[in-house]
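K.L.:
got a structure for you, letters missing:
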């Protein structure tokens, strides 16, 4: 392993681990991603740092928890003063490129804030933005100013082809390109221009529509094409490279193009076991969602989670599968290009996602501050030609471990303040685990689910249990993940679990202490 490897880092958006064939799904067709798993390392228990896009992507980049790097929820921009592992790769001579979604800065243009108590008379925030250019990913700015672009390098990336937001309504470089390919290109995108699908319930709440954008022009295809271009360009420079291929799908709204829309029929996909299972001591916020649906008051057209019907869940799963199969076809093209360029043996290919989706779990759809496994467990596949043998591990690992693992494989030392742990000892079969428990953080912006204020929570996951604590309420969640795989029996108030709850609460406190900041304020290093 003395020669510096290349890296092709493939990341999807909002994809559950069990929506891949290599993770046991018998329906979705993902032969190319499955081939990576068969030849490499697959983590059975890879978790997010937080199940929210921006903060978890920032954790992947920095190897640090959201409470430390500061991107606690969407809209808070990653400080340009934060060190990313891509910064270190670039400084070590790597060529670096990002294609697709970045989401390290605000994409909506709306300020990252939540209204304070009007009686508090607050005049300003405790922290002020540091120096540097922010708002670079703002979709409205990209649309209003045809000259707007990123300042490079961007968090370590020397070259960026950006696609902002989701479904067929993406902006940035992709939308500008689309307008050069088709006259009146904007008339192809969005629910108002979609092919009518009167039988789809999700179309009524604008969580799915049949796009008129053809497969060859769809963002997923463009991202694959541009990644191939980046492979060709960087392969000819005579230096190692790191390329991030970042697909904004299969995130909702669900708009798989062309044949991928009907590739899977809603009637043919099964619901998750937890959707029909009998629950014991269902948590209050889940009861709140079910009650809103049953009263006809569920809000289904926003980014927030909701309790849906069985038909809505089946539609979401089927369309999610179609979108994933399109991504898998793209992965196949990327692997074929690596072969054509003679780079397969010298390139580490990594596949993961930023968080999951309920997709019918416990009758819920989308994502929110409930740490069920379908939301917080994502795929992690590491295919390295230098790895001795394929391996599958059930060790507890998570998003913050990506950065130190990449650096270790490149032969580079991690930076002070990095909180993740290199997975190379597990990947190479030298060790069985790197930790005994992991911490999940969540800082919400919405006031909903029956809470008096915005939802703030922490979870501890051990080899057997998951404990979740919520700010401002006396109740919580406690599950035995060994005996209750579907998390249907909440043991929080179970008299027989009092001692266990106390033990896990102490372990949670210690895990939070271990994940506090250790890096000093900026100073000259010797």
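P.N.:
Done, it's in. If you're wondering where the values come from, they're calculated on a predicted model, not measured in any experiment.

K.L.:
distance of residue 38 from residue 394?
P.N.:
18 Å (CB to CB, to the nearest Å). Yep, even glycine has a C-beta here, placed from its N, CA and C like the rest.

K.L.:
correction: residue 473
P.N.:
32 Å.

K.L.:
same question for residue 36.
P.N.:
According to CB to CB, residue 36 stands 19 Å off from residue 394.

K.L.:
neighbour-wise, which of those two wins?
P.N.:
Neighbour count, other CB atoms under 10 Å: between residue 36 and residue 394, residue 36 has more, with 23 against 11.

K.L.:
any buried residues in the longest helix anywhere in the chain, and which?
P.N.:
As assigned by DSSP state H, the longest helix anywhere in the chain is helix 310-340. For helix 310-340, a neighbour-count test (16 or more other CB atoms under 10 Å) marks 312-332, 334-335, 337-338 as buried.

K.L.:
again with stretch 488-506
P.N.:
Buried, per 16+ other CB under 10 Å, within stretch 488-506: 488-492, 497, 500-501, 504.

K.L.:
out of those, who's nearest residue 272?
P.N.:
residue 488 (11.0 Å; CB to CB).

K.L.:
and the closest one, what does it touch?
P.N.:
Under the criterion of CB atoms under 8 Å, 6 or more residues apart in numbering, the contact list for residue 488 reads 274, 277-280, 362.

K.L.:
can I get those residues in TSV including distance to residue 100?
P.N.:
Output for the contacts of residue 488, formatted as TSV (distance: CB to CB, whole Å):
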residue	distance to residue 100
274	32
277	37
278	42
279	38
280	42
362	31
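
K.L.:
from the residues you listed, which would you call buried?
P.N.:
274, 279, 362.

K.L.:
any figure for the gap between the second one and residue 167?
P.N.:
Taking CB to CB as the criterion, residue 279 is separated from residue 167 by 32 Å.

K.L.:
again, but for residue 428
P.N.:
Taking CB to CB, one finds residue 428 at 39 Å from residue 167.

K.L.:
one more: residue 337?
P.N.:
26 Å.

K.L.:
residue 192 now?
P.N.:
13 Å.

K.L.:
neighbour count: those two, which is higher?
P.N.:
Using other CB under 10 Å, the more surrounded residue of residue 192 and residue 167 is residue 167, with 26 against 8.

K.L.:
what about the strands in the stretch 51-200 of the chain?
P.N.:
95-100, 159-164, 171-172 (DSSP state E, counting those that start in this stretch).

K.L.:
what are the ranges of the strands in the stretch 201-350 of the chain?
P.N.:
241-246, 306-307, 347-353.

K.L.:
quick one: closest of those to residue 468.
P.N.:
It is, among the strands of the stretch 201-350 of the chain and with distance given as CB to CB, strand 306-307, at 18.6 Å.

K.L.:
which strands or helices does the closest one pack on?
P.N.:
Under the contact criterion of 3 or more CB pairs under 8 Å, 6 or more residues apart in numbering; DSSP states H and E, strand 306-307 touches helix 284-294, strand 364-365.

K.L.:
give me the mean pLDDT for the first one.
P.N.:
For helix 284-294, the per-residue pLDDT values average out at 97.

K.L.:
for the shortest one, same thing?
P.N.:
Mean per-residue pLDDT for strand 364-365: 98.
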